[in-house]
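Peer 1: Sequence and predicted structure are below.
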Amino acid sequence: MTLRKLAAAIALLFALVAEPAFAQPSPAAAPPPPVTILVSIDGFRPDYLDRGVTPNLLALARSGVRAAMRPSFPSKTFPNHYAMVTGLRPDKNGIVANNMTDDAIPGVKFAMSNTLAVLDRRWWDEAEPIWVTAEKAKILTGTVSWPGSEAPIHGLWPKHWAHFDQSFSSDLRVDMLMAWMALPAETRPQFATLYFDIVDYAGHHFGPDSPQVTAAAAKVDAAIGRLQAGLAARGIVANLVIVSDHGMAALSDDRRIFIDDLLDKDAYSALELGPIGSIYPNPGHEAEVARVLTAPHPHFQCWRKADIPERLHYGHNPRVAPVFCLSEVGWSLTTHDYHPREPSLGDHGYDNAAPEMRATFIAAGPAFRHGVSLPTFDNVDVYPLLAKLIGVTPQPNDGTLTDLAPALTN
Ligand code: AMP
Ligand code: ZN
Ligand code: ZN
């Protein structure tokens, strides 16, 4: 057992042992306001709901609200998780990609696997996530591994938070959250997040149409059922907001673009390749790299960062690469010497207007009307919704409540 797992197990045990003493509400107390729980199912495409394996999610959608969401560009995990909790698109929230560099943070490459960077607030401080705003307002929060929540953004952590550990099962993550929910009112989170990544993992490794994705969707659905049962057993009334960060497109070996066929290896370095390409020309090769890559090509397009189309809302942040490329959906930018350890049969990061990149939104609880189906809206709108549910004043943001208003009880 790793130290992290041991710590999680001890925390869980402590909360469960302590639970009976905490669970008794005083008879005279007024009913507490509903808690808000934001759940992310990474890479859960809205059509996965039609596979016949997600009864809990479908029941929640029927009793509440359902929609497809447009992710923000690029349709990657960290940029979109941060967009939903800040209301700012990646270019403005500072998490412009899963992989990035910043001249102001020299010598570091931000990557999801670089734990030190993920814990470093400087990467996240360009925006204020909702849990920081809530903590400032003395509203307690708890995050089971929302991207960013392990760093003391603007100097504050959530009251309760957990390190991300991919090996934690979906059920364990629910139990970690429920352990906090069993605490006395003075320390129980009023706003909490949960994060599940097995659907995204299966989508990458086996493709969006695979039985493995369907099986992962079923497991997460069961974990959602466990969450609902846990809340019901404790008499906790919650507004549940269930989202995904993006969809998933099928890849194929026939749809690869080798940029080392176009450019000499000495001319550039690529910080990221795949659906998007972050290209840094080497000194002296700036004009050549830009000229070659920005010329018309089948199946992908590159821009000097100043020329990225306005509709993508991208390219103003210093962390965006000087030459930025985007593949056609289902295609990948790569090089001949890139040999991934495992084949990838699905990916995301593409144009956020692509239907394959659509994300899921389901919400239910006292704040929501029953049986509402909304037209597709932008995922930055999740932020003003959360601010309203939690009762905090939102920071300036790119979202609006206009599209969601018909789904709210008041
Ligand atoms: P993506 O490459 O965009 O598909 O990213 C999805 C992956 O991000 C998941 O499979 C997780 O392993 C990883 N991930 C999610 N949250 C975190 C986190 N807080 N820290 C490190 N990695 C994470
Ligand atoms: Zn993701
Ligand atoms: Zn992914």
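Peer 2: That came in fine, so what should we check first? Ligands and ions are numbered 1, 2, ... in the order given.

Peer 1: Kindly confirm my reading that L194 is in a strand.
Peer 2: Yes - under DSSP: H, G, I helix; E, B strand; the rest coil, L194 falls within a strand.

Peer 1: How about the contacts made by it?
Peer 2: The contact partners of L194, taken as Cβ atoms under 8 Å, 6 or more residues apart in numbering, are I37, L38, V39, S40, V144, R173, V174, L177, L227. Backbone N, C-alpha and C define where each C-beta goes, glycine included.

Peer 1: In the stretch 201-350 of the chain, what residue comes closest to ligand 1?
Peer 2: Nearest residue of the stretch 201-350 of the chain to ligand 1 (Cβ to the nearest ligand atom) works out as Y201 at 5.2 Å.

Peer 1: Once you drop chain neighbours, what's closest to that residue?
Peer 2: Leaving aside its sequence neighbours, Y201 sits nearest to A216 (Cβ to Cβ, 6 or more residues apart in numbering; 7.2 Å).

Peer 1: Surely the one you found is in contact with H205?
Peer 2: No - at 10.1 Å, A216 does not count as touching H205 under the criterion of Cβ atoms under 8 Å.

Peer 1: Which of the two has more residues huddled nearby?
Peer 2: A216 (26 against 15; other Cβ atoms under 10 Å).

Peer 1: Next, count neighbours for A59.
Peer 2: 16.

Peer 1: ugh, wrong one, L401
Peer 2: L401, neighbours per other Cβ under 10 Å, totals 15.

Peer 1: Quick check on the contacts of L194: which are buried?
Peer 2: Buried by 16 or more other Cβ atoms under 10 Å: I37, L38, V39, S40, V144, R173, V174, L177, L227, out of the contacts of L194.

Peer 1: Now for the first one: which residues touch it?
Peer 2: Shown here is I37, whose contacts under the criterion Cβ under 8 Å, 6+ apart are L177, F191, A192, T193, L194, L227, A238, N239, L240, V241.

Peer 1: Next step: the buried ones among the contacts of L194 restricted to helices.
Peer 2: R173, V174, L177, L227 (DSSP state H).

Peer 1: from those, which single one is nearest L251?
Peer 2: R173 (28.0 Å; Cβ to Cβ).

Peer 1: what's the closest non-adjacent residue to the closest one?
Peer 2: V144 (5.0 Å).

Peer 1: do H348 as well
Peer 2: H246 (4.5 Å).

Peer 1: Run a quick neighbour tally on that neighbour.
Peer 2: Other residues near H246 come to 33 when the count uses other Cβ under 10 Å.

Peer 1: For it, give me its contacts.
Peer 2: G43, P71, S75, K76, T77, N80, H348, G349, N352, M357, A359.

Peer 1: you'd agree A223 is in a strand?
Peer 2: No - under three-state DSSP, A223 falls outside any strand and is assigned helix.

Peer 1: What is the burial count for the closest residue in space to it that isn't next to it in sequence?
Peer 2: Excluding the flanking residues, the one nearest A223 by Cβ to Cβ, 6+ apart is S170, at 3.8 Å. Residues lying near S170 (other Cβ under 10 Å) number 23.

Peer 1: how near is S170 to S113?
Peer 2: As judged by Cβ to Cβ, to the nearest Å, S170 and S113 stand 21 Å apart.

Peer 1: related to what we said a few turns ago, of the contacts of H246, which belong to helices?
Peer 2: Using DSSP H, those in helices are T77, N80.

Peer 1: and the contacts of H246 as JSON lines, adding neighbour count and distance to E310?
Peer 2: Compiled in JSON lines, these are given as follows (neighbours: other Cβ atoms under 10 Å; distance: Cβ to Cβ, whole Å):
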{"residue": "G43", "neighbour count": "30", "distance to E310": "27"}
{"residue": "P71", "neighbour count": "32", "distance to E310": "17"}
{"residue": "S75", "neighbour count": "31", "distance to E310": "18"}
{"residue": "K76", "neighbour count": "27", "distance to E310": "20"}
{"residue": "T77", "neighbour count": "24", "distance to E310": "24"}
{"residue": "N80", "neighbour count": "32", "distance to E310": "20"}
{"residue": "H348", "neighbour count": "31", "distance to E310": "22"}
{"residue": "G349", "neighbour count": "25", "distance to E310": "19"}
{"residue": "N352", "neighbour count": "27", "distance to E310": "13"}
{"residue": "M357", "neighbour count": "26", "distance to E310": "19"}
{"residue": "A359", "neighbour count": "30", "distance to E310": "22"}
